[in-house]
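Chemist: Sequence first, predicted coordinates after that:
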Amino acid sequence: MTTDYTGFWGDEDTVTATLPHIIPKKHTALDSQQGGAHYVTKGIQPIQYIHANNLGFCEGNIVKYATRWKDKNGLEDLLKIKHYVDLLIELEKLQEK
C-alpha cells in the first residue's frame, strides 16, 4: 500500500525531493536496458548526453559505441566508431561542395 503524499507536501517533484527516504523512485525507461547492462551502469547514459547536446545520427553512434566498447563488443565497436567518423567526414565534404 502506498500513501499519496502530494497535496499536503506539494506537487510530486517537491514530495520526491523533500521525502526521498519515504517516496520510492519511479521506474523510467532509463532504468532498464534490453540486451545487457552496458549503459545502465554508467554515470550518464549515452542517450542522455546525445539528447542534451542535440547530436546527429553519426555523432550519436560515435558516443554510443565509445561508451560501450570495453563492456560489449571490443574491437568491433571501435571499428564502428571509425566507420561513423569516416561517414561523417564524407558527408561534411559533400556538403561543402
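Modeler: All right, it came through fine. Numbering: from 1, shown residues only.
Chemist: Pop the domain breakdown of the protein in here.
Modeler: The chain breaks down by automatic domain parsing into domains covering 1-27, 32-96.
Chemist: Could you tell me the least trusted of these?
Modeler: Mean pLDDT is lowest for domain 1-27 among the domains of the chain, at a mean of 59.
Chemist: Residue 58 and residue 80, how far apart?
Modeler: With distances taken as C-beta to C-beta, to the nearest Å, residue 58 is found 11 Å from residue 80. C-betas here are computed from N, CA, C, even on glycine.
Chemist: Name the nearest residue to residue 48, ignoring sequence neighbours.
Modeler: residue 30 (7.1 Å; C-beta to C-beta, 6 or more residues apart in numbering).
Chemist: and the longest helix belonging to the chain, which residues are buried?
Modeler: When the chain is scanned for its longest helix (criterion: DSSP state H), the result is helix 75-96. Buried residues in helix 75-96, counting neighbours by 16 or more other C-beta atoms under 10 Å, are found at 77, 80, 81, 84, 88.
Chemist: got the contact list for that helix?
Modeler: The contact list for helix 75-96, computed with C-beta atoms under 8 Å, 6 or more residues apart in numbering, reads 58, 59, 61, 62, 65, 66, 68, 69, 73.
Chemist: How about the first one, nearest residue that isn't a chain neighbour?
Modeler: What that stands for is residue 58. Among residues not flanking residue 58 along the chain, residue 88 sits closest, at 4.3 Å (C-beta to C-beta, 6+ apart).
Chemist: Regarding residue 44, what is its secondary structure?
Modeler: Classification of residue 44 by DSSP: H, G, I helix; E, B strand; the rest coil places it in coil.
Chemist: Give me the neighbour count for it.
Modeler: Using other C-beta atoms under 10 Å, residue 44 has 11 neighbouring residues.
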